[in-house]
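Student: Quick one, structure for this:
(one chain, ligands or ions: 1)
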Amino acid sequence: MTVAAPREDQAEDFLLTGMTCAACASRIERRLNKVDGVIAQVNYATERATVTLRPDVERSTVVEVVAKLGYGATPLSVRDDGSVPEAEAARDDRVADLWRRLVVAAVLFIPMVDLPLVLSVLPEARFPGWAWVVAALAAPVVVWSAWPLHRAAFINARHGASSMDTLISLGIIAATVWSLGSILTGHLPDPSAGALSVFLDPVGPLYLEVAAAVTTFVLAGRYVEARAKRSAGDALASLAALAARDVAVLLPDGTEARIPASALAVGTRFVVRPGEKVATDGTVESGASAVDRSMLTGETVPVEVAAGDTVTGGTVAVSGRLVVTATAVGGATQLAGMIRLVESAQASKASVQRLVDRISSVFVPIVIALSVLTALGWWAVGGTAGDVFSAALAVLVIACPCALGLATPTAMLVASGRGAREGIFLKSHQALETSRVVDTVVFDKTGTVTTGAMSVRAVHLASLDSRRRVLTLAGAVEDASEHAVARAIVACARAEADEFPAVEGFGALPGLGARGVVDGVEVRLEKPLRDLPAWAPEPAADSTLVVVSLDGDPAAVYELADEVKPSAAPAIARLRAAGLRTVLLSGDRAEAASAVGAAVGVDEVIADVLPAGKVEALEALRSGGRRVAMVGDGINDGPALAAADLGLAVGAGTDVALDAADVILVRDDLNAVPDALDLAKRTATTIRRNLVWAFGYNVAAIPLAALGLLSPLIAGLTMALSSVLVVSSSVRLRN
Ligand SMILES: Nc1ncnc2c1ncn2[C@@H]1O[C@H](COP(=O)(O)OP(=O)(O)OP(=O)(O)O)[C@@H](O)[C@H]1O
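Tutor: The predicted model follows:
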């Protein structure tokens, strides 16, 4: 692979090979960060280094620095769609290699343990050279199967460093050498003393099966770990696989030409046939189809789109042919954004995990020292050579804090993969921790609890013959506004007027309305701050109201209706059942907000607030001791999303939402809110449980081993088991 110089200060991804424990990751990270002009973050779980390079630093520097440490680094060619071919291939190779070594170790390990047992119960089967048979069985295991462990330990040793592999490799070598010594000097256990003595008798037992057992268990642990990493990576890969490979573009003469999807440019028109993937984000120009978005959002029901609607790259047109104009390509598409979100969430580290990484890096020398001390201690109290060796070996073997290193990253990996399948994107580890303590969920009204597709219910006029003029003037001003209310007023005007006159001096009155001068008339559209004019009839309770005044005189009152999303009431009921307080926060008038509040069943409605007031309302809740999650559509509630303890943006998509929110919900279904909180909570709990378990295990097991209460065989088993437990508790998050 050629290593091109980076263009500007830019994050580059590298695939790392040879890392066997969290300590490796933290060592690489520390060493890279010592290089001038390099800022690096290394993730053990994804086996990636994200490195920001100053323009004068070559990518090859990173490769060299990492190689000097004894690991491999390959710059990744991240495809436009975010997938990384090398990483996928490397993961597969690693899993296959581990599997081969594991099978050999396990197959030979079984007769090794069985032979002494058979000999102990069947005296007539004993033969003089039996110990050499055990040694012959052990040889491939401790040499070939354990090779990756020895290799890593050796490379580390050459640089005066150590890792988990140092402990394991030392343990295997010590046990092997000790056993060969015993065989050569004839200090063999007596099989006739009973089966157990072969394993547990400290007076000259054969430790070959310990060496083989440790190898087998460690490989088994690593295999499970590699599999879990790969399948979590699969979620990412399957997201990346959604990207279309090629696309039929529409040429100016009306014919079509197939080009690779990566060659699409913004503004290109392309055709999507039924059953075909939409190649990139765009606006439908003509045609109509149901679009299946389930692969992206988890929504099972296809959505109907027609001219003017937007479509997202990666979704599938189910029923009709569409002509689409591309609005975003490559890294700017929603799909690429989501892939980046998943990756950064997977790389996000808990502060506890940073501590763990630091502990891991000083852990190994400490353990070796402890092991030597244990040996000295047993020797000082007059233990047999067997006691001395057995206890020291057990300490070496049991102390690997692999489980500690796996606790956070595996859980994040599994949770973000699972979230991605359901259209839930947790942006950071912090979001998980916060979700655990949230006790209040605040919903924005328009576009979040309601569809935001408003319609005009009625127009009440001061004088009946002015209808066409008022509609035209109002439509002309609102045509410049993006607000949901504005869109409805424009649609209503278009139905009756053909052309809008030009507007001068348009201004949005945030949270209140809009104004502008049309044909010399000052037009204001505002939410009623006082009583309605006397000529206007009593409006429906749930109507949103807009008063139109021309040169200061009220000329019309619009009544607008919005539909509550069908998912709102069930989602809110679920949150309340989980003991959370639910609040509806709205800039609309109190009656309309209360009507929606009653329809969806929230505990409290806060209405009539200006946009700045929304932030204040959240702060008031927070200073009252509440931990607040804010759910919005990200369109005009960016500040509120950012002000809450936890911001959730529903319906995906605006850049504001991506920045301001902690959780992005691509599914336009409010059930995603309780789903996301649930997933976040379960993930945070899993991480805690993993850490407590892994830490507790190391703290408790080392003294036991030092006191000679754990045989090396059991130590090896426990050590591997603790990693497997941590990984499998993380994997359970998938269900
Ligand atoms: N362009 C506009 N034209 C007319 N009225 C408007 C316009 N913009 C806002 N308003 C009025 O101001 C009110 C509050 O608007 P704001 O944008 O703060 O909230 P919202 O997003 O519509 O509603 P919610 O806070 O419930 O989500 C609206 O209900 C509407 O009555």
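Student: quick one: which helix or strand includes the residue nearest the centre of the chain?
Tutor: Closest to where the C-alpha atoms of the chain average out (CA atoms, centre = their mean) is residue 416, at 3.0 Å. Using DSSP states H and E, residue 416 sits within helix 402-421.
Student: quick one: the residue nearest to the centre of the chain from the ligand, how far?
Tutor: Using CB to the nearest ligand atom, to the nearest Å, one gets 29 Å for the distance from residue 416 to the ligand. C-beta coordinates here come from the backbone N, C-alpha and C atoms, glycine included.
Student: same thing with residue 310?
Tutor: From residue 310 to the ligand the distance is 20 Å (CB to the nearest ligand atom).
Student: got the phi/psi numbers for the nearest residue to that residue once chain neighbours are set aside?
Tutor: Spatially, and ignoring its direct neighbours in sequence, residue 310 is nearest to residue 283 (5.5 Å; CB to CB, 6 or more residues apart in numbering). Dihedral pair for residue 283: phi -110, psi 140, per degrees, to the nearest 10.
Student: bridging residues for residue 283?
Tutor: Listed beta-bridge partners, residue 283: residue 310, residue 325 (assigned using DSSP bridges).
Student: Please give me every residue in contact with it.
Tutor: Residue 283 is in contact with 308, 309, 310, 311, 324, 325, 327, counting by CB atoms under 8 Å, 6 or more residues apart in numbering.
Student: next structured bit after the helix ranked longest in the chain?
Tutor: Using DSSP state H, we find that the single longest helix of the chain is helix 85-121. Next along the chain after helix 85-121, taking DSSP H and E as the criterion, comes helix 130-140.
Student: Off-centre distance for that following helix?
Tutor: 47 Å (CA atoms, centre = their mean, to the nearest Å).
Student: what is the mean pLDDT for it?
Tutor: Mean per-residue pLDDT for helix 130-140: 86.
Student: can you check stretch 293-301 too?
Tutor: Averaged over stretch 293-301, pLDDT sits at 67.
Student: re the thing from before, state whether the residue nearest to the centre of the chain and residue 426 are indeed in contact, as I suppose.
Tutor: Yes. Under the criterion of CB atoms under 8 Å, residue 416 is in contact with residue 426, at a separation of 6.4 Å.
Student: Report how many residues lie close to residue 230.
Tutor: Residue 230 has 15 neighbouring residues, counting by other CB atoms under 10 Å.
Student: mind checking the SS state of it?
Tutor: Three-state assignment for residue 230 (DSSP: H, G, I helix; E, B strand; the rest coil): helix.
Student: that older thread, check the offset of the helix holding residue 416 from the chain's centre.
Tutor: Using CA atoms, centre = their mean, the offset of helix 402-421 from its chain centre is 8 Å.
Student: what element comes up after that helix heading to the C-terminus?
Tutor: Toward the C-terminus, helix 402-421 is succeeded by strand 424-426 as the next helix or strand (DSSP H and E).
Student: what's in contact with that next one?
Tutor: Against strand 424-426 from outside (CB under 8 Å, 6+ apart): 298, 338, 341-342, 345, 415-416, 419, 432, 662-667, 672, 675-676, 679-680, 683.
Student: Where neighbours are concerned, which of the contacts of residue 283 has the most?
Tutor: The most crowded member of those, judged by other CB under 10 Å, is residue 324 (28 neighbours).
Student: what stretches of the stretch 601-735 of the chain score poorly on pLDDT?
Tutor: Residue ranges of the stretch 601-735 of the chain with pLDDT under 70: 634-636, 652-659.
Student: Let's see that with 80 instead.
Tutor: Under the criterion pLDDT under 80, the flagged ranges of the stretch 601-735 of the chain are 611-612, 634-639, 651-661, 667-668, 695, 698-699, 711-717, 719-721, 723, 735.
Student: rewinding a little: let me know the distance separating the residue nearest to residue 310 from the ligand.
Tutor: Residue 283 is 23 Å from the ligand, by CB to the nearest ligand atom.
Student: so how many other residues sit close to the residue of the stretch 301-450 of the chain at minimum distance from the ligand?
Tutor: Residue nearest to the ligand within the stretch 301-450 of the chain: residue 445 (2.8 Å; CB to the nearest ligand atom). Residue 445: 24 surrounding residues under other CB under 10 Å.
Student: repeat for the one 4 residues further on
Tutor: For residue 449, the count of nearby residues is 30 (other CB under 10 Å).
Student: That one and residue 565 touch, don't they?
Tutor: Yes. The pair formed by residue 449 and residue 565 meets the contact definition of CB under 8 Å, at 6.4 Å.
Student: between the two, what contacts are shared?
Tutor: Common neighbours of residue 449 and residue 565 (CB under 8 Å, 6+ apart) are residue 670.
Student: pLDDT value on residue 523, please?
Tutor: Looking at residue 523, its pLDDT is 94.
Student: so is residue 12 in a helix, a strand, or just coil?
Tutor: Under three-state DSSP, residue 12 falls in the strand class.
Student: Please name the bridge partners of it.
Tutor: Bridge pairing for residue 12 - DSSP bridges - gives residue 51.
Student: List the residues that contact it.
Tutor: Counting by CB under 8 Å, 6+ apart, residue 12 touches 6, 50, 51, 52, 53, 59, 62, 75, 76.
Student: From those residues, pick the one nearest residue 477.
Tutor: The shortest approach to residue 477 among the contacts of residue 12 belongs to residue 52, at 47.1 Å (CB to CB).
Student: The closest residue to the closest one other than its chain neighbours: what's it in contact with?
Tutor: Excluding the flanking residues, the one nearest residue 52 by CB to CB, 6+ apart is residue 39, at 4.3 Å. Residues near residue 39 by CB under 8 Å, 6+ apart: 33, 51, 52.
Student: Now intersect the contacts of strand 424-426 with the strands, please.
Tutor: Among the contacts of strand 424-426, the members falling in strands (DSSP state E) are 663, 664, 665.
Student: Could you find the closest non-adjacent residue to the second one?
Tutor: Once flanking residues are discounted, residue 664 sits nearest to residue 425: 4.2 Å by CB to CB, 6+ apart.
Student: So what's the residue count around that neighbour?
Tutor: Residue 425: 27 surrounding residues under other CB under 10 Å.
Student: give the contact list for residue 415.
Tutor: 426, 432, 679, 680, 682, 683, 686, 733.
Student: and what of residue 584?
Tutor: 442-443, 445, 449, 593, 596-597, 600, 602, 604-607.
Student: Going by neighbour count, which of the residues you listed comes out on top?
Tutor: Of those, with other CB under 10 Å as the count, residue 449 tops at 30 neighbours.
Student: Look up how far residue 427 lies from that residue.
Tutor: 23 Å (CB to CB, to the nearest Å).
Student: circling back to that earlier point, could you tell me which of the contacts of residue 39 count as buried?
Tutor: residue 51 (16 or more other CB atoms under 10 Å).
Student: Give me the pLDDT for residue 588.
Tutor: Looking at residue 588, the pLDDT reads 90.
Student: what do you get for residue 396?
Tutor: 83.
Student: Then residue 205?
Tutor: 56.
Student: i'd like the first residue to be 40 from this point on
Tutor: With 40 as the first residue, the last one maps to residue 244.
Student: Count residues in the vicinity of residue 739, would you?
Tutor: 11.
Student: repeat for residue 737
Tutor: Neighbours of residue 737 (other CB under 10 Å): 21.
Student: Ramachandran coordinates for it?
Tutor: phi -70, psi -40.
Student: Spit out the contact partners of it.
Tutor: Going by CB under 8 Å, 6+ apart, residue 737 touches 437, 438, 440, 442, 443.
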